[in-house]
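>>> A structural model of the following input is requested.
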Amino acid sequence: MANFQTCEPTSLSRDAFVSQFADVYEHSPWVAEAVFDAGLEPEDNQIERLHQKMAAILLSASKEQQLDLINAHPDLAGKAAVNGELTAASTSEQAGAGIDKCSADEFARFTDFNNSYKQRFNFPFIMAVKGANRYQILESFEVRLGNDKETEFETAVNEINKIALFRLRDM
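Take a look at the predicted model:
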């Protein structure tokens, strides 16, 4: 298991811990707060172990809290990306998938898929895009639009936990 490069989470005060890990879950410092408040152990200095604790907090959260976190995520290739309003992590993740290099036609497809998805499910499409490219993401949109709402809700929560692990590993 990998350890953190710059700090050991267990050595941080609550404020420092929350500050360090607040955006691992997009605009949702409550996950980091709950992990700290539940107590940290020496094993939590390992990325995978800390991620397990964070993921468990999300999975045990109310549907309302989970939905709020899903809705905190930006659309892929959406207005926030175009306007430069994404978090640094989201900007890096989308650029890594080549979303910033979309042609006008691809951008239009993303816009259409984002709109169709939100109209069908009432929350944004969530995908851990690290390691994927824009073509794979567009394909995932097409496939997942055929799912039912409960399946997509569970998928979104699972994808958010994948994103969190990638973000922890990038720290």
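>>> As a check, name the ranges of all helices in this protein.
Applying DSSP state H to the chain gives helices spanning 14-21, 30-38, 47-60, 63-71, 79-82, 88-96, 104-121, 134-144, 149-170.
>>> what's the weakest-modelled helix or strand in this structure?
Across the helices and strands of the chain, mean pLDDT, DSSP states H and E gives its lowest value to helix 79-82, namely a mean of 51.
>>> so what pLDDT did the nearest residue to Lys118 once chain neighbours are set aside get?
In space, not counting the residues next to it along the chain, Lys118 is nearest to Pro124; the distance is 6.1 Å by C-beta to C-beta, 6 or more residues apart in numbering. Every C-beta, even on glycine, is put in place using the N, C-alpha and C of the backbone. For Pro124, the model assigns a pLDDT of 96.
>>> and Pro124, how many neighbours does it have?
Pro124 sits with 17 neighbouring residues when counted by other C-beta atoms under 10 Å.
>>> residues contacting it?
Ile70, Asn71, His73, Pro74, Asp75, Gly78, Asn114, Tyr117, Lys118 (C-beta atoms under 8 Å, 6 or more residues apart in numbering).
>>> check contacts around the last one.
Applying C-beta under 8 Å, 6+ apart, one finds that Lys118 lies in contact with Asp75, Pro124, Phe125.
>>> one step back: comparing the helices of the chain by mean pLDDT, which bottoms out?
Mean pLDDT is lowest for helix 79-82 out of these, coming in at a mean of 51.
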